[in-house]
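1. Dropping the sequence and predicted coords here.
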Amino acid sequence: MVQAERDTERKVISILKILAESSEPLGSTTIARELETHGVYLSERTVRYHLRITDERGFTRAAGRDGRAITAEGMEELKSALAPEQVGFVIERLNLLAYQTTFDPRTRTGQVPINTSLFPVARFREALEAMKEDFAAGFCVSDRVALAQAGEKLGDVVIPDGQVGFATVCSAVINGVLLKSGVPVDSKFGGLMEMRNGKPRRFVAIINYAGTSLDPSEAYIRARMTTVRRAAATGAGRILANFREMPAPARPVVETIVADLKRSGISGVLLMGEASEPLSQMPVGLNKIGMVLLGGLNPVAAAEEAGIEADSISESGTIDFRQLVSYQEL
């Protein structure tokens, strides 16, 4: 009985994922077809049965002839469902995005990974103003962003009614570009970096990617643990940062790529260490070098600190680099 319940929950979550990725209501035929592309094989009849369950729970609503749309309750269920089985999800997502990254910093073309934040339409201009100092201070992976209106998509996220989608470049872009150049990158953890006199001092909190089902940056923002605005204004505060390791012999290649990325408008590398040497008080493996990357959601953290709430989805897919515009143009 327990196994049957778990199977039902998995099927419900699979259906909710399909609906969440669609900008329009879907019927059972379309849902069954989309599920097949994800390796889930359910008949239309089985899909209709599970849609009745999602309707009863308030996760979906009827929309149009035989169509269903996901509700806010359904989105919340999707984010929190089966959490024990999603331990390590973040590291898997980072690795997938690195593989999907096709960005070439020299030609400035290709797909880049993003984070997507949803702001209320009525407060979006206020949010942009609150993020200004963070972008000016350079506490971001890139000052290039993308916007989307209700019904449009940013990466894998469909923007809901009453919201504006705001995409920031995810630090996984650095993993991806290095990977394409033959440099393997080990993503260790997401943390809070203490800044003092405008310089990084130490990590004051860390969450290992391999042991969590939640993105660390999202968790720190929700817990109100960041002081990005103060760091941007005074040089002292706590910002979002990530820790990576890579083979020490690859350092010359890494330095060249980091310079190319910076010229293309992506400058998320905060620190790079020496072979086998600790970095920001964090140990580094033998014949490895450590690297500290800025968190892509630092600008959004600044907006949240100003009292403008956003629903952020880290590692939310990829978009064409040409869709990005300079923050200053907004």
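-> Arrived safely. Predicted model only: the values in this text are computed from it and were never measured.
2. Counting residues, which helix of this protein comes out longest?
-> helix 2-20 (DSSP state H).
3. Mind listing residues that contact it?
-> Contact with helix 2-20 is made by 26, 31, 34-35, 38, 40, 42, 46-47, 50-51, 53-54, 59-60, 68-70, 74-75, 77-78, 81-82, 158, as judged by CB atoms under 8 Å, 6 or more residues apart in numbering. C-beta coordinates here come from the backbone N, C-alpha and C atoms, glycine included.
4. Next, the contact list for the nearest residue to residue 250 once chain neighbours are set aside, please.
-> Once flanking residues are discounted, residue 250 sits nearest to residue 183: 4.6 Å by CB to CB, 6 or more residues apart in numbering. Going by CB under 8 Å, 6+ apart, residue 183 touches 246-247, 250, 253-254, 257.
5. Beta-bridge partners for residue 318, please?
-> Beta-bridge pairing of residue 318 under DSSP bridges involves residue 113.
6. Near it, how many other residues are there?
-> When neighbours are counted by other CB atoms under 10 Å, residue 318 registers 23.
7. pretty sure residue 120 is in contact with residue 163, am I right?
-> Yes - contact status for residue 120 versus residue 163: in contact at 6.5 Å, counting by CB atoms under 8 Å.
8. So between these two, which is more surrounded?
-> Neighbours per residue (other CB under 10 Å) separate residue 120 from residue 163, with residue 163 holding more: 18 against 15.
9. Report the separation between that one and residue 76.
-> As defined by CB to CB, to the nearest Å, residue 163 lies at a distance of 15 Å from residue 76.
10. show me where the stretch 201-330 of the chain has strands.
-> Secondary structure of the stretch 201-330 of the chain (DSSP state E, counting those that start in this stretch): strands at 237-247, 269-272, 288-294, 311-313, 318-320, 325-326.
11. hang on, the earlier thing: can you give me the buried ones in the longest helix of the chain?
-> 11-20 (16 or more other CB atoms under 10 Å).
12. helix or strand right after it?
-> helix 28-37 (DSSP states H and E).
13. By mean pLDDT, show me the worst of the strands of the stretch 201-330 of the chain.
-> Lowest mean pLDDT of the strands of the stretch 201-330 of the chain: strand 311-313, a mean of 90.
14. Wait, residue 227 touches residue 240, no?
-> No - at 10.9 Å, residue 227 does not count as touching residue 240 under the criterion of CB under 8 Å.
15. who's residue 206 bridged to?
-> Going by DSSP bridges, residue 206 forms beta bridges with residue 191.
16. check contacts around it.
-> So residue 206 contacts 189-192, 216, 243, 282 (CB under 8 Å, 6+ apart).
17. which of the residues you listed lies closest to residue 323?
-> residue 190 (25.4 Å; CB to CB).
18. Show me where this structure has its helices.
-> Using DSSP H, helices in the chain cover 2-20, 28-37, 44-57, 72-80, 89-100, 124-137, 172-180, 216-222, 228-234, 251-263, 298-305.
19. pull the CA atoms of the last one into CSV?
-> The C-alpha atoms that make up helix 298-305 are tabulated as CSV, following Å, rounded to 0.1, in the frame of the first residue of the first chain:
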residue,chain,number,x,y,z
ASN,A,298,22.9,38.8,-5.2
PRO,A,299,21.0,41.5,-6.9
VAL,A,300,17.7,39.8,-6.0
ALA,A,301,18.9,39.5,-2.4
ALA,A,302,19.4,43.3,-2.4
ALA,A,303,15.8,43.8,-3.6
GLU,A,304,14.5,41.4,-0.9
GLU,A,305,16.4,43.3,1.8
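20. and for that helix, what are the contacting residues?
-> 115, 117, 119, 127, 130-131, 133-135, 139-140, 166, 168, 217, 220-221, 224, 226-229, 232, 239-240, 295, 310, 312, 327.
21. And the second one, by the same measure?
-> Counting by CB under 8 Å, 6+ apart, helix 28-37 makes contact with 14-15, 18-19, 22, 26, 41-48, 51, 66, 68, all of which sit outside it.
22. Among these, the buried ones, what's the ChimeraX command?
-> The following ChimeraX line selects those of the contacts of helix 28-37 that are buried, judged by 16+ other CB under 10 Å:
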select :14,15,18,19,22,26,42,47,48,51,68
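23. who's in contact with the closest residue to residue 311 other than its chain neighbours?
-> If the residues on either side of it in the chain are set aside, residue 311 comes closest to residue 118, at 4.4 Å by CB to CB, 6+ apart. For residue 118, the contact set (CB under 8 Å, 6+ apart) comprises 157, 159-160, 163-166, 310-313.
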